[in-house]
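K.L.:
Quick one, what's the 3D model for this:
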Amino acid sequence: MIRKAYSSDAKFIFETLAKTLTPWEEQGILGSIEHDLVFILEGEGVIIARQTLDELEILNFAVKKELRGQGYGKSLLGFLLDHAEKSGVKTAFLDVRQSNIAAVSLYKSFGFEICGKRKNYYRNPPEDAVLMNLNIN
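P.N.:
Next up is the predicted model:
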C-alpha cells in the first residue's frame, strides 16, 4: 500500500536511501516529509518530490536493493504522477545518474524524455546527470 510518509517513517526512509548513491541526512528527510510530497510503499521504497505551482521535481526515489525489478518502483512513480496530475501539474522533471540504466528506462516507460545533461553533477563517484522531463496532460 502506498501512502503519505510521516515523521515516524524517517528511519525507514533514511535506511532505504542510505543504501543508494544519493543518500540523504535524516534532517533533510524530516524537512521533506514536512514540506514536500513524500510517499512510501511500506517496507519496499520511497519517492520524494517537490511541487511548485504546476511543476513537479522528483528529488529522490529508491526501492530496497533486494526488491528492485519487481515493479515497486513502477508503482511508486505511477502513484506520484497520478497524484501530480490530479493536483494540476503540467510538467515533471528530474535528474538521474547516467549509469542508472534501469531508472532511465523506467522513466522513459512513463513518457519522460532526455532533455539535457549536467557534466560531473554527482559525486562519490563523480558522474554526469541526465536531465529528463515529462509533459503531463
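K.L.:
CA only for contacts and neighbour counts going forward, please
P.N.:
OK.
K.L.:
now the helices for this structure?
P.N.:
Ranges of helices in the chain, per DSSP state H, are 10-18, 26-35, 72-86, 101-109.
K.L.:
show me the contacts for the residue nearest the centre of the chain.
P.N.:
Against the mean C-alpha coordinate of the chain, by C-alpha atoms, centre = their mean, the closest residue is residue 61 at 2.9 Å. For residue 61, the contacting residues are 45-48, by C-alpha atoms under 8 Å, 6 or more residues apart in numbering.
K.L.:
Next: residue 96.
P.N.:
103-104, 129-132.
K.L.:
CSV for the helices of the chain, including mean pLDDT, mean neighbour count and distance to residue 93?
P.N.:
Output for those, formatted as CSV (pLDDT from 0 to 100; neighbours: other C-alpha atoms under 10 Å; distance: least, C-alpha to C-alpha, whole Å):
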stretch, mean pLDDT, mean neighbour count, distance to residue 93
helix 10-18, 91, 19, 20
helix 26-35, 90, 16, 17
helix 72-86, 96, 17, 11
helix 101-109, 96, 15, 10
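K.L.:
would a markdown table of those with distance to residue 53 be doable?
P.N.:
Below are the helices of the chain laid out as a markdown table (distance: least, C-alpha to C-alpha, whole Å):
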| stretch | distance to residue 53 |
| --- | --- |
| helix 10-18 | 26 |
| helix 26-35 | 14 |
| helix 72-86 | 11 |
| helix 101-109 | 22 |
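K.L.:
Figure out which of the ones you listed is closest to residue 54.
P.N.:
Closest approach to residue 54 among the helices of the chain (C-alpha to C-alpha): helix 72-86, 8.7 Å.
K.L.:
Give the other helices and strands that that closest one contacts.
P.N.:
Applying 3 or more C-alpha pairs under 8 Å, 6 or more residues apart in numbering; DSSP states H and E, one finds that helix 72-86 contacts strand 37-41, strand 45-52, strand 55-63.
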